[in-house]
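In: predicted model, plus sequence, below.
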Protein chains: 2
Amino acid sequence: MLTFAIPKGALLKSSINLLKSVGLDFSAFLDDSNRMLQIVDPTGSAKALLVRTHDVPVYVEYGQAQVGFAGDDVLREKQPRVAQLLDLKYGYCRMAIAVPKQSPYKTPLQLPSHCRVASKFVNCAKAYFKSIDLPVEVIPLYGSVELGPITGMSDAIVDLVSTGKTLRENGLVEIEELFESTARLVVNPLSYRLNTDQVATMVDKLRFVVENQSS
Amino acid sequence: MLTFAIPKGALLKSSINLLKSVGLDFSAFLDDSNRMLQIVDPTGSAKALLVRTHDVPVYVEYGQAQVGFAGDDVLREKQPRVAQLLDLKYGYCRMAIAVPKQSPYKTPLQLPSHCRVASKFVNCAKAYFKSIDLPVEVIPLYGSVELGPITGMSDAIVDLVSTGKTLRENGLVEIEELFESTARLVVNPLSYRLNTDQVATMVDKLRFVVENQSS
């Protein structure tokens, strides 16, 4: 059965709405009291797994889901072996470098060599600083990255910014944007080529909806 | 100022209660509406950072907190450079291997070579399977590890179990316990040796409380 990996969190609602527009109803996942991790659409034609954002590419790569919804940020960080077929346009955010308001460093190149940068996106941070040839120590954190500069543990952070509210509340300012991110439709490459469970047909349907929305 | 790293989640309440018994009040962190990530005790004598469980050893290792409360599971997984001074006895859980109820594998040694094991604790899982000389592929997941066997992505999981409810609800059974875990008091080694901000005195006070509770 055609199976989707749907991420909890920021992309959940838009992903479920998009699937609704191609006739699949997984809105049970939107119910706060829901404890189910997999459900079948009422028509019985497709299944969905509710997983953590970072786990979507894993389920798609291993083929347990043929199709998944994943942020470009997660795809850049994890570099999974999945086919990225469609920019879904929703879930906008940007990966940025931020420093304390009172920091003397106004651009990334002003940061001192071997300074500390806290991030949940260790690979994205490393790739960026490598690209500007600045050796830094990236400190991996799981949450509340803004505490890094507040406590003096790091000079800067690399983190996702959507509205900028968290940065402002913590006295941080953005000094560089690494990239913009939106949700992407990712597909298991082999399933797509073999058109297992009509996955290619589903991708075409979703592409039609997305292209007509944005025009 | 003496600074504590306190983990969100399962260890939060007990850690704050323990600090209360040595005269420090950080109960503001227990308020659901709290958005502050660092607070100073009302007496002005100590500070606390509210961080993710996995980030506690990071703040202590880098010395932004001299003292932290961390699960033994996290310490085994991350192997941080911190001094583990005290078993705090609370936060009991165990790291276990589980398989689907109907699985033919009743012990870890029966698992086939190169089978897949999903886990949030990749290093713990790898260390265990190395110790029994069984080559397995560990699939790193961020959450809902029980979906691994349910979807057929993995033959087994390595995960924390406290009551066993999640396993039962998902048709999984424990076949091996890797280790038991409780909360530990961890300290920045240098701060402890230099007794920065009276950290050694605080450790003695906490040890006195913990030893008298458990006797």
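Out: Received, thanks.

In: three-state assignment of residue A:19?
Out: When classified by DSSP: H, G, I helix; E, B strand; the rest coil, residue A:19 comes out as helix.

In: contacting residues for the residue nearest to residue A:205 when sequence neighbours are not counted?
Out: Spatial nearest neighbour of residue A:205, excluding adjacent residues (C-beta to C-beta, 6 or more residues apart in numbering or on different chains): residue A:22 at 4.6 Å. From N, CA and C alone the C-beta is placed, and that goes for glycine too. Residues counted as contacts of residue A:22 (C-beta atoms under 8 Å, 6 or more residues apart in numbering or on different chains) are A:202, A:205-206, A:209.

In: try it again at 7 Å.
Out: By C-beta atoms under 7 Å, 6 or more residues apart in numbering or on different chains, residue A:22 lies in contact with A:205-206, A:209.

In: same question, residue A:142
Out: The contact partners of residue A:142, taken as C-beta under 7 Å, 6+ apart, are A:120, B:52, B:54-55.

In: of those - the most surrounded one?
Out: With neighbours taken as other C-beta atoms under 10 Å in any protein chain shown, the top of the contacts of residue A:142 is residue B:55, carrying 29 neighbours.

In: my read: that one touches residue A:143, true?
Out: Yes: using C-beta atoms under 7 Å, residue B:55 is in contact with residue A:143, at 6.5 Å.

In: which neighbours do the two have in common?
Out: Residues touching both residue B:55 and residue A:143 by C-beta under 7 Å, 6+ apart: none at all.

In: picking that back up, so the residue nearest to residue A:205, which state does it fall into?
Out: Here residue A:22 is recorded as coil under three-state DSSP.

In: ramachandran angles for the closest residue to residue A:39 other than its chain neighbours?
Out: Spatially, and ignoring its direct neighbours in sequence, residue A:39 is nearest to residue A:28 (5.4 Å; C-beta to C-beta, 6+ apart). Per-residue torsions, residue A:28: phi -60, psi -30 (degrees, to the nearest 10).

In: quick one: neighbours of the residue lying closest to residue A:107 once chain neighbours are set aside, just the number.
Out: Spatially, and ignoring its direct neighbours in sequence, residue A:107 is nearest to residue A:175 (5.9 Å; C-beta to C-beta, 6+ apart). If you count neighbours by other C-beta under 10 Å, residue A:175 ends up with 18.

In: and the residue nearest to residue A:205, how far from residue A:45?
Out: From residue A:22 over to residue A:45 the distance is 11 Å, taken as C-beta to C-beta, to the nearest Å.

In: and the lengthiest strand in chain A, which strands flank it?
Out: Ranked by residue count, the top strand of chain A under DSSP state E comes out as strand A:172-181. Strand A:172-181 has these partner strands in its sheet, going by DSSP bridges: strand A:93-100 (antiparallel).

In: what's next to the strand it pairs with, contact-wise?
Out: A:73, A:105, A:108, A:121, A:124, A:149, A:155-162, A:167, A:171-181.

In: pull the distance from it to the chain's centre.
Out: The chain centre lies 15 Å from the centre of strand A:93-100; the measure is C-alpha atoms, centre = their mean, to the nearest Å.

In: any residue of the host helix or strand of residue A:59 touching chain B?
Out: Assigned by DSSP states H and E, residue A:59 belongs to helix A:56-61. Yes: among the residues of helix A:56-61, A:58-59 lie within reach of chain B under C-beta under 7 Å from any C-beta of the partner chain.

In: after that helix, next one along is what?
Out: That would be, after helix A:56-61 and using DSSP H and E, strand A:67-71.

In: interface residues of chain A facing chain B?
Out: Contacts of chain A with chain B, taken as C-beta under 7 Å from any C-beta, map to A:37-38, A:49, A:51-52, A:54-55, A:58-59, A:62, A:64, A:139, A:141-144, A:147, A:150-153.

In: can you get me a residue count around residue A:162?
Out: When counting by other C-beta under 10 Å, one arrives at 12 neighbours for residue A:162.

In: how much space separates it from residue A:173?
Out: Remark: distance between residue A:162 and residue A:173 (C-beta to C-beta) = 16 Å.

In: how about residue A:187?
Out: Plainly put, residue A:187 is 38 Å away from residue A:173 if you go by C-beta to C-beta.

In: okay, how far is it across stretch A:28-45, tip to tip?
Out: In stretch A:28-45, first residue to last residue: 16 Å (C-alpha to C-alpha, to the nearest Å).

In: confirm for me that residue A:109 is in contact with residue A:131.
Out: No: look at residue A:109 against residue A:131 with C-beta under 7 Å: they stay out of range, at 11.5 Å.

In: please list all residues in contact with the residue lying closest to residue A:197 once chain neighbours are set aside.
Out: Counting by C-beta to C-beta, 6+ apart, residue A:197 lies nearest to residue A:2, which is 4.0 Å off, once chain neighbours are set aside. Each residue near residue A:2 by C-beta under 7 Å, 6+ apart is listed here: A:46, A:66, A:197-199, A:202.

In: where's residue A:80, which helix or strand?
Out: Secondary structure from DSSP H and E places residue A:80 outside every helix and strand.

In: can you tell me how far it is from residue A:60?
Out: According to C-beta to C-beta, residue A:80 stands 7 Å off from residue A:60.
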